[in-house]
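# Mind folding the following:
(chains A and B)
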Protein chains: 2
Amino acid sequence: MKNETLTLNTHRLISGLVAQGVRHFVISPGSRSTPVAILIAERVKAAANLALYVDVDERSAAFFALGIAKTGQVPVVLLCTSGTAAAEYLPALAEAHLSHIPLIVLTTDRPLELTNIGAPQAIDQTNLYGSQVKQSQRLVLQDDGQTNADFIAFQTQRSVLAALTAPKGPVQFNLPLRKPLLPDLRVTPPAIKALAALPTTAALTPTDLTVIEQQLQGKKVLLIAGPEEVMTYRTALLTLSEKCQWPLLADNLANLRGHGPVISNFDLLFQAESDLPEDLQPDVILRFGGTPVSAPLMQWLSQQTVPQYLIGDQQQLADYSLATSHVLAVDEQLFIEELVAVLPAQRTAYWASWRTYSQRLQASLPTTADLNEITTVQTLDQQLPANSRLFISNSMPIRDVEDFYQGQQVRELYCNRGANGIDGVVSTAAGMATAGGANYLLIGDLALFHDMNGLMMLRRYQLNLTIIVINNNGGGIFSFLPQAAATDYFEDLFGTPQELDLAQVARLYARTYQKVTTITALEQALTNQVQFIEVETQRGKNVQLHRQLISDLQVLLAHD
Amino acid sequence: MKNETLTLNTHRLISGLVAQGVRHFVISPGSRSTPVAILIAERVKAAANLALYVDVDERSAAFFALGIAKTGQVPVVLLCTSGTAAAEYLPALAEAHLSHIPLIVLTTDRPLELTNIGAPQAIDQTNLYGSQVKQSQRLVLQDDGQTNADFIAFQTQRSVLAALTAPKGPVQFNLPLRKPLLPDLRVTPPAIKALAALPTTAALTPTDLTVIEQQLQGKKVLLIAGPEEVMTYRTALLTLSEKCQWPLLADNLANLRGHGPVISNFDLLFQAESDLPEDLQPDVILRFGGTPVSAPLMQWLSQQTVPQYLIGDQQQLADYSLATSHVLAVDEQLFIEELVAVLPAQRTAYWASWRTYSQRLQASLPTTADLNEITTVQTLDQQLPANSRLFISNSMPIRDVEDFYQGQQVRELYCNRGANGIDGVVSTAAGMATAGGANYLLIGDLALFHDMNGLMMLRRYQLNLTIIVINNNGGGIFSFLPQAAATDYFEDLFGTPQELDLAQVARLYARTYQKVTTITALEQALTNQVQFIEVETQRGKNVQLHRQLISDLQVLLAHD
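Reported below is the predicted structural model:
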């Protein structure tokens, strides 16, 4: 049998990954990765519950894998050839590291004797990703012997567990491979010893819990839920909020809006007023999830002197407001259920004040008939079908969604809020769309241009993703920043109009296209399932619109 | 004066870079990088010898800068905002590191108090590029004091020198910046103390030189020139070859073909026959430049037992053939001039044999009338204007150019042969085109797709680059590899057809376009300066064509 060791060990590697729950593989074509690619393809062909995607652009591939992993909270495997191909993964890994997404990266490499010695397509892949991955390890698939065979099966399983252990994140295997690279397809996958994964959820001791309950009992508690896109403790948190009448400020990416009574317009409130009215002031703050999108909320938190609890085992006390006073690195679900069980139901004036205030704020939002960046978000909120997914680009879209999306229907919202890049957005949304159902992406023209290659995956895999592009021909967010004052250099350095013809982009990737100029037209385009919808806006006008809104709110609140 | 320290220190940083020869800046838009971007733009506006380019996609920007730096062998500055933007530079830096290109990377960052603490757009940028850069350093532009001011001016100059010292390569500055970010445009750049750069060229001692001359005198010497795109010792090397009648095997990227008598078809020779005929065998081999493109040549070198000298101070003994027996890390020009001065002119049968053999080989190449991947290269060789530049993509194009491009005119050829990636090719060629004149890019459809964003720079800066796309709808090189045998998985994993409509791509970026199907049509399209020329080929047919050619050669050589 030719290439038996390589074939058997590659099978062990794949079996190890699958044994710990890997179901998705995203491969970029290359020569060095041949044995792993072919044996993955063979395995996927034989198993109905495995999926394989091929993406030529490794940068796009990594974000695509991130999208799959975010949506399903599952480990996803990436595979590429040696050289700069492997370097292309770095942006998505930086995002995955900070947003706790379990990616398993397999970079194939030249063998040791061809590294750092002038051989082609051979960069130094040792620790290529530095601190952007949780661990980095070398596996040698062509060494004989039972010890190495067992090691491969064990280490691959261990790496998936590491990727899934709090805080979740990406791990890398570098796989040096010698020619010949073609595996032997007659070899049957050998059995491996499956590891039983240890439980990773931690609960508080009864004593600790009693202390916390005493600290919360009868207090005006404010709950804050940051980004936690696949929120496993959603029902528990809503139950706690309603039972104790503790208002819940829900970041859009906590995916609580639309699921129950939450406060959704706090960002506008804190933009208009730097502090809360007396009757809304809490005695204690409990925070869940990641860093909220709302910078004004973070600013307010940093100024509070009441106890602030940060709860959960993923965030590792990453709180740039520095306001956290108590950390509970426990499983959120267990913790909340305990609280719900022991705390009594209550009716409070504090809850009523928050609700009234929030409703008044909401009623005061201007309802213009024009289609602009704000009404686009409001229209999506009204129109998108229930149970659909909405991916939101960084920069302006995530800010506008935070302020103007209320959750009129139960939907799932996603965004790359680990490193907040505008790169890889289309590819991540395409990865999300592999989960099926109705999927939407709200994105600006610059972010769309940055990752246009991601559109190829939509066409190739017939993914159902409707893209709504806010086209203000450049970087709209900069008009809000002090940079706008540098008028001599603004358009060249910050505005950066790309004059991208979106109709042609749509045509290139065989997307149905429509440019809409009214709210009604946008609604109709959504109803008609147009795949690529362009909303043209003006950057200057958009700034005025936002500033006017906040100034109107300030007047309203001053008259209270 | 507001923000005086930041403004003054940013001026010192820019002055330090300019003092050591930086003339080109490539910026990607962002907020964190504002003060540096604006003050660079101001400086460029005031100086006719400075140039600024803005590229939205940082991956493309880094390859674009690489293209400028390769073409002019000058240091080029990159600037980006914090987060994944900085991670996007990695592929181009890996290439620059291995191909010895001096890039100065300025990554702006959140201040220390906002790193690793959940703040937005803040990834760990410390040693982000690991071993892909020569050095990585933090500069704090907002600290007061003369010592820090002097340090900034000194370190920036030192970094350019480091980037330019053999082996050349990329360096990084990470610049943490606090708000407010807007510089004060009333501040005049302060004077800095300019460093006088030390000479970096090394010559041999007279004694060493005498020893080497004795070893070469009267011997059959074979000269091999690997990639050295801007070859400073071109004339010297050709003079040496002709005076001593030492045959010179010139890799296309040595840019010697077309400049004088060189052997250009050795790759075909070594593909057809693994060893040389007796009368061509050398007694000594002298190698210059980087790793030759020709893998069969490297294979042959690895089997030779005669002395093999590797000459030059850039390559650092990176020779994966492991055949080098003597290393001379000296300035090539000085070394060659010494040899030319002391060695006598001679006429040898050895030289005559090589020339005869090479001419016979050349005459035996089939001249088909069909347009295919081989005749495309031959047509470019015939048709491209003298003194133009040709950028060649990795994968198939660089191999075909190595075999079928003879240098019918004096031109400059470029390729990313550090890490041999197919990423960033369009952007690098666009960077090359900033040098002006007539520029060409030969590329396959997959590499074109990978870096389509690079086309934006052509449109934005009206760069004169004619692109010839070999469109075989996928990865043509894999059909030559053993992978082609894995028929069940081949098209999905390796062929990867993207069904890219190149006419639409051309239209999107406002390039004039023509698809050509005959050699005459290709010639006319080149004459008419069509900007985007598509040559459609078939992968299977292309393999047959190449295999037939080698087998014909083998028959011919066997009958000698």
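# C-alpha only now, for contacts and for neighbours.
Will do.
# Using CSV, write down the CA coordinates of the helix or strand containing residue A:555.
Assigned by DSSP states H and E, residue A:555 falls within helix A:539-558. The C-alpha atoms that make up helix A:539-558 are tabulated as CSV, following Å, rounded to 0.1, in the frame of the first residue of the first chain:
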residue,chain,number,x,y,z
ARG,A,539,-22.8,61.3,4.2
GLY,A,540,-23.3,64.9,5.1
LYS,A,541,-27.1,64.7,5.3
ASN,A,542,-26.8,61.5,7.5
VAL,A,543,-24.7,63.3,10.1
GLN,A,544,-27.2,66.2,10.2
LEU,A,545,-30.1,63.7,10.6
HIS,A,546,-28.4,61.9,13.6
ARG,A,547,-27.3,65.2,15.3
GLN,A,548,-30.8,66.7,15.0
LEU,A,549,-32.3,63.6,16.5
ILE,A,550,-30.1,63.7,19.6
SER,A,551,-30.6,67.4,20.0
ASP,A,552,-34.4,67.0,19.8
LEU,A,553,-34.1,64.3,22.5
GLN,A,554,-32.1,66.6,24.7
VAL,A,555,-34.9,69.2,24.5
LEU,A,556,-37.5,66.6,25.2
LEU,A,557,-35.6,65.3,28.3
ALA,A,558,-34.9,68.8,29.6
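# The stretch 51-200 of chain A: strands as residue ranges?
Here the stretch 51-200 of chain A has its strands, by DSSP state E, counting those that start in this stretch, at A:51-54, A:76-80, A:103-109, A:135-138, A:171-176.
# Any idea how many residues pack against the residue lying closest to residue A:4 once chain neighbours are set aside?
Leaving aside its sequence neighbours, residue A:4 sits nearest to residue A:184 (C-alpha to C-alpha, 6 or more residues apart in numbering or on different chains; 6.7 Å). Applying other C-alpha atoms under 10 Å in any protein chain shown, we find 19 residues neighbouring residue A:184.
# Please look at residue A:184 and residue A:9 and confirm they touch.
No: with contacts counted by C-alpha atoms under 8 Å, residue A:184 stays clear of residue A:9, the gap being 11.6 Å.
# got a pLDDT number for the residue nearest to residue A:414 when sequence neighbours are not counted?
Spatially, and ignoring its direct neighbours in sequence, residue A:414 is nearest to residue A:391 (4.7 Å; C-alpha to C-alpha, 6+ apart). Looking at residue A:391, its pLDDT reads 97.
# quick check, residue A:391 in a strand?
Yes: according to DSSP: H, G, I helix; E, B strand; the rest coil, residue A:391 belongs to a strand.
# can you count the residues close to the nearest residue to residue A:144 once chain neighbours are set aside?
Nearest non-adjacent residue to residue A:144, counting by C-alpha to C-alpha, 6+ apart: residue A:5, 6.1 Å away. Per other C-alpha under 10 Å, the neighbour tally for residue A:5 reads 19.
# just checking, what packs against the host helix or strand of residue A:5?
If you go by DSSP H and E, residue A:5 is part of helix A:4-19. Contacts defined by 3 or more C-alpha pairs under 8 Å, 6 or more residues apart in numbering or on different chains; DSSP states H and E place helix A:4-19 against helix A:34-46, helix A:146-164.
# again, 7 Å this time
Applying 3 or more C-alpha pairs under 7 Å, 6 or more residues apart in numbering or on different chains; DSSP states H and E, we find helix A:4-19 packed against helix A:146-164.
# The helix it packs on versus strand A:76-80: what angle between them?
Computed by axes from the mean of the first three to the mean of the last three C-alpha atoms, to 10 degrees, the angle separating helix A:146-164 from strand A:76-80 equals 120 degrees.
# Helix A:146-164 packs against which elements?
Helix A:146-164 sits against helix A:4-19, with contacts defined as 3+ C-alpha pairs under 7 Å, 6+ apart.
# Sticking with residue A:534, tell me its helix or strand.
In this assignment (DSSP H and E), residue A:534 forms part of strand A:532-536.
# on contacts alone, who are the packing partners of that strand?
strand A:465-471, strand A:513-516.
# List the strands paired with that strand, with their directions.
When pairing is defined by DSSP bridges, strand A:532-536 lines up against strand A:465-471 (parallel), strand A:513-516 (parallel).
# Now mean neighbour count and mean pLDDT too, for the ones you listed, in TSV please.
Listed next are the strands paired with strand A:532-536 as TSV, based on neighbours: other C-alpha atoms under 10 Å in any protein chain shown; pLDDT from 0 to 100:
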stretch	mean neighbour count	mean pLDDT
strand A:465-471	25	98
strand A:513-516	19	98
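# Between those strands, which one is closest to residue B:79.
With C-alpha to C-alpha, the closest approach to residue B:79 among those belongs to strand A:465-471: 25.4 Å.
# Beyond that closest one, next helix or strand please.
Taking DSSP H and E, what comes next after strand A:465-471 is helix A:490.
# How about residues contacting the next helix or strand after that next one?
Where DSSP H and E defines the elements, the next helix or strand beyond helix A:490 is helix A:502-508. For helix A:502-508, the external contacting residues (C-alpha atoms under 7 Å, 6 or more residues apart in numbering or on different chains) are A:512, A:513, A:532, B:501, B:504, B:508.
# and if you look at stretch A:251-261?
Residues from elsewhere that reach stretch A:251-261, judged by C-alpha under 7 Å, 6+ apart: A:225-229, A:231, A:234, A:238, A:250, A:264, A:292-293, A:402, A:406-410, A:412-414.
# Buried ones among these?
Listed as buried from these are A:225-229, A:231, A:234, A:238, A:250, A:264, A:292-293, A:402, A:406-410, A:412-414; burial here means 16 or more other C-alpha atoms under 10 Å in any protein chain shown.
# follow-up on the earlier one: restricting to C-alpha, output the helix holding residue A:5 in PDB.
Output in PDB follows, covering the C-alpha atoms of helix A:4-19 (Å, rounded to 0.1, in the frame of the first residue of the first chain):
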ATOM      1  CA  GLU A   4       0.000   4.100   4.100                       C
ATOM      2  CA  THR A   5       1.400   6.000   7.200                       C
ATOM      3  CA  LEU A   6       0.300   9.400   5.800                       C
ATOM      4  CA  THR A   7      -3.100   8.100   4.900                       C
ATOM      5  CA  LEU A   8      -3.700   6.300   8.200                       C
ATOM      6  CA  ASN A   9      -2.600   9.300  10.300                       C
ATOM      7  CA  THR A  10      -4.600  11.800   8.200                       C
ATOM      8  CA  HIS A  11      -7.600   9.600   8.900                       C
ATOM      9  CA  ARG A  12      -6.800   9.700  12.600                       C
ATOM     10  CA  LEU A  13      -6.500  13.400  12.500                       C
ATOM     11  CA  ILE A  14      -9.900  13.700  10.800                       C
ATOM     12  CA  SER A  15     -11.500  11.100  13.100                       C
ATOM     13  CA  GLY A  16     -10.200  13.000  16.100                       C
ATOM     14  CA  LEU A  17     -11.800  16.200  15.000                       C
ATOM     15  CA  VAL A  18     -15.100  14.500  14.100                       C
ATOM     16  CA  ALA A  19     -15.100  12.600  17.400                       C
END
